[in-house]
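Q: What follows is a protein structure lacking sequence information:
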């Protein structure tokens, strides 16, 4: 899949910093075209396990609220059949993943570096592939824009281009993480980019520690440690999902693969894959669902991610004890 509508299929964007997420008329797809935002989204073409039923609801037009991703960017979805036909990045069964730190971590220092090991472990469980920490890399000097942001920013597209061809042969995917601030084109900032076919992605920790804003009152508070971790995990699995050619989710409410237009919108989302995106990765990576959900629940309990732990534990219990990892029950 090529780049579409300003990389809207490839990136998780967080561009609003105020509690109000009202877009300008020019920025809103609905205002420009007067069309329903999900009008051309096809129904999911899978029969998911009933275990997913109590947890997931389909997106509707009521989710196209002012300032949301869906209200500003036209998305057409990606069915299971379309995913297969796309020719997704489908690594060999023993192909590992690679997580690499970019830059000197001059912004967050040890606080940022402390997230690398939990990120590595979580990606390993989430995608059921070994994940190693690669040698640190340097941020490309040509990607730096000193006149962007408060103290300068890096062009995320230029950073991603510098990573092109750098994922070692036999590696399923490579994700680079930095604590520098990133931007794309005219957007104020982004959290990350993941390419559909080049097996590379990058994301920034820069804004993980920004205040959590109450969407109703506008009250702000500093995030707790578990909330910062949750934010980091969401972006990491989202960008790695793009590396496995999974597009933005426009089928289920709260899917981790949904596009988000602000940090607040991201905070409202979940760490979980919806039934459709779970089916795509189950088919691609051939993992044991029961084992995966159980390991995710254990990780979540250990790190204080209690809502996620309850979901993953319930899903593990609901999965067949002897699933066919080559394409059996979801």
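A: Looks like it came in fine. It should be emphasised that the depicted structure is a prediction, and the values quoted were computed from it without experimental measurement.
Q: Need the phi and psi values for residue 83.
A: When read as degrees, to the nearest 10, the backbone of residue 83 gives phi -60, psi -50.
Q: Using the three-state scheme, assign the closest residue to it other than its chain neighbours.
A: Excluding the flanking residues, the one nearest residue 83 by Cβ to Cβ, 6 or more residues apart in numbering is residue 280, at 4.7 Å. Backbone N, C-alpha and C define where each C-beta goes, glycine included. What DSSP: H, G, I helix; E, B strand; the rest coil gives for residue 280 is helix.
Q: My guess is residue 280 contacts residue 246. True?
A: Yes: at 5.6 Å, residue 280 and residue 246 qualify as touching, with contact defined as Cβ atoms under 8 Å.
Q: shared neighbours, these two?
A: 78, 83, 88 (Cβ atoms under 8 Å, 6 or more residues apart in numbering).
Q: Just list the residues touching the most centrally placed residue in the chain, thanks.
A: Centroid-nearest residue in the chain, with Cα atoms, centre = their mean: residue 238, separated by 1.6 Å. By Cβ under 8 Å, 6+ apart, residue 238 lies in contact with 12, 192, 194, 256, 257.
Q: next one: residue 42
A: Taking Cβ under 8 Å, 6+ apart as the test, what residue 42 contacts is 77, 79.
Q: Distance check, the closest residue to residue 164 other than its chain neighbours against residue 182.
A: Setting aside the residues directly before and after it, residue 164 is nearest to residue 198 in space (Cβ to Cβ, 6+ apart), at 5.7 Å. Distance check for residue 198 against residue 182: by Cβ to Cβ, to the nearest Å, it reads 17 Å.
Q: More neighbours: which of the two?
A: residue 182 (28 against 18; other Cβ atoms under 10 Å).
Q: quick one, helices of the stretch 1-150 of the chain?
A: Secondary structure of the stretch 1-150 of the chain (DSSP state H, counting those that start in this stretch): helices located at 29-33, 69-72, 80-85, 110-113, 116-126.
Q: so which of those helices comes closest to residue 48?
A: helix 80-85 (10.2 Å; Cβ to Cβ).
Q: neighbouring contacts of stretch 137-156?
A: Against stretch 137-156 from outside (Cβ under 8 Å, 6+ apart): 11, 100-103, 158-159, 162, 176, 178, 180-184, 188-190, 192-193, 202, 204.
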